[in-house]
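Engineer: Give me coordinates for this.
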Amino acid sequence: MSAPTTETLTLEQIETLAYDALTAAGTSPENARPLAIATAATEAEGIASHGLAYIPVYCEHVKCGKVDGQAVPVLTRPRPGVICADAGTGFAHPAIAAGFADLMPLAREQGIAALAVRNSYNCGVLGFHTRQLALNGFLALGFTNAPASIAPVGGRRPVVGTNPFSVAAPDGNGGVAILVDQSASVIAKSEIMKHAREGMPIPEGWGLGPDGQPTTDPAIALKGSMAPSGGYKGVGIALLVEIMAAAMTGATLGVDASPFSGTVGGPPKTGQFFIAIDPAATSSGDFAARIQALVAEMHDQPGVRTPGDGRSAQRNRAVKRGVEVNIATLDKIRALL
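Structural biologist: Purely as a prediction, here's the structure:
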């Protein structure tokens, strides 16, 4: 009988394990907690590539100085509807959490407000953050740039990152009706990295080699570029996000940012940009009814799932049954304690 390859953990155990590893590596408790909470939420939604698997990387980056685990985000308000957060080369999560604390009452008061985060880092699953705003009744838009991994149309050298964007719409009843969270590439780069670590080939269409040709070898894809989703349309999305998350925040462009993996290059200093809108300010009170009708039209067709349904179902299962975590990943993390 073969040995088990996974171990089931509760969400509380996942959060505690992530928190303990981060603080052991030199992260302040104030910075470790929001990142640990996000890690548990990510595992709950079945996105293992962005969950506990990243904790050893985060710890490595704290120890080598690629991220400042003791950084304290600095907030400013240069305009009535704008909050800027300087993450100070620390983790993105505490900077975003601090910014949201000011962003939400401001958006409620004015109808719309924006948060720009600079000198930041990998923010994990972008939809985790926009979902927090939607749970508080806001229509949320989020953008985050990443180190360059997508070449422009006709080129071979990466210029922009996988650059996700997210839209989260509240359902009017304290929940989230729609959660769009997608990168500009066919697949997140972390998925290719995960395949490389596990020695598994990637499906054709995920990545391109340095010669611009498709490859199923994750190591070659990591030396080349990510395939943009929808060809030139994916490149357009990546450029939109680069404008919002880097140019609009004063953060580092993806082409100049150090990788989110490895110890080379110093802090990446990437950025995030969020917009929170109070639907009551623009919809004459009809937003919830319109969103509910839109979702109902989709669900009326057999087999249709709206964006976010899959994560919601995974989350509900995880609350009841826990999450199966790869034992090799757990061994790496426990060795850090």
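
Engineer: burial of Ser2, as a residue count?
Structural biologist: Residues within reach of Ser2, counting by other Cβ atoms under 10 Å, total 4. Every residue, glycine included, has its C-beta placed from N, CA and C.

Engineer: One more: Ile327?
Structural biologist: 13.

Engineer: Kindly state the pLDDT recorded for it?
Structural biologist: Ile327 is assigned 95 on the pLDDT scale.

Engineer: Run through the residues that contact it.
Structural biologist: Neighbour list for Ile327: Pro4, Thr5, Thr6, Glu7 [criterion: Cβ atoms under 8 Å, 6 or more residues apart in numbering].

Engineer: Compare those and tell me which is most surrounded.
Structural biologist: Glu7 (15 neighbours).

Engineer: doesn't Asp331 make contact with that one?
Structural biologist: No. Using Cβ atoms under 8 Å, Glu7 is not in contact with Asp331; the gap is 9.8 Å.

Engineer: Spit out the contact partners of Glu45.
Structural biologist: Counting by Cβ under 8 Å, 6+ apart, Glu45 has contacts Val125, Arg311, Gln314, Arg315, Ala318.

Engineer: State the number of residues packed around the residue lying closest to it once chain neighbours are set aside.
Structural biologist: Using Cβ to Cβ, 6 or more residues apart in numbering and skipping residues adjacent in sequence, the residue nearest Glu45 is Arg311, 4.1 Å away. Residues near Arg311, counting by other Cβ under 10 Å, number 22.

Engineer: what's the spacing between Val314 and Gly322?
Structural biologist: Actually, residue 314 is Gln rather than Val. According to Cβ to Cβ, to the nearest Å, Gln314 and Gly322 sit 12 Å apart.

Engineer: Helices of this protein, start to end?
Structural biologist: Here the chain has its helices, by DSSP state H, at 11-24, 29-44, 55-64, 92-110, 126-135, 189-198, 218-223, 232-242, 287-299, 309-321, 327-334.

Engineer: Please identify the most buried of those.
Structural biologist: By mean neighbour count, with neighbours taken as mean count of other Cβ atoms under 10 Å, helix 126-135 ranks first of the helices of the chain at a mean of 25.

Engineer: Can you give me every residue that contacts the residue positioned nearest the centre of the chain?
Structural biologist: For the chain, the residue nearest the mean C-alpha position is Val125 (2.3 Å; Cα atoms, centre = their mean). Val125 makes contact with Ala38, Ala41, Thr42, Glu45, Ile47, His50, Asp181, according to Cβ under 8 Å, 6+ apart.

Engineer: go on, Leu179?
Structural biologist: Contacts of Leu179 by Cβ under 8 Å, 6+ apart are Gly127, Thr130, Arg131, Ala134, Ser166, Val167, Ala168, Ala169, Pro307, Gly308, Arg311.

Engineer: I'd guessed the second one sits against Leu141; true?
Structural biologist: Yes. When contacts are counted by Cβ under 8 Å, Thr130 is listed as touching Leu141 (7.1 Å).

Engineer: Mutual contacts of the two, please.
Structural biologist: Joint contacts of Thr130 and Leu141 (Cβ under 8 Å, 6+ apart) are Ser166, Val167, Phe274.
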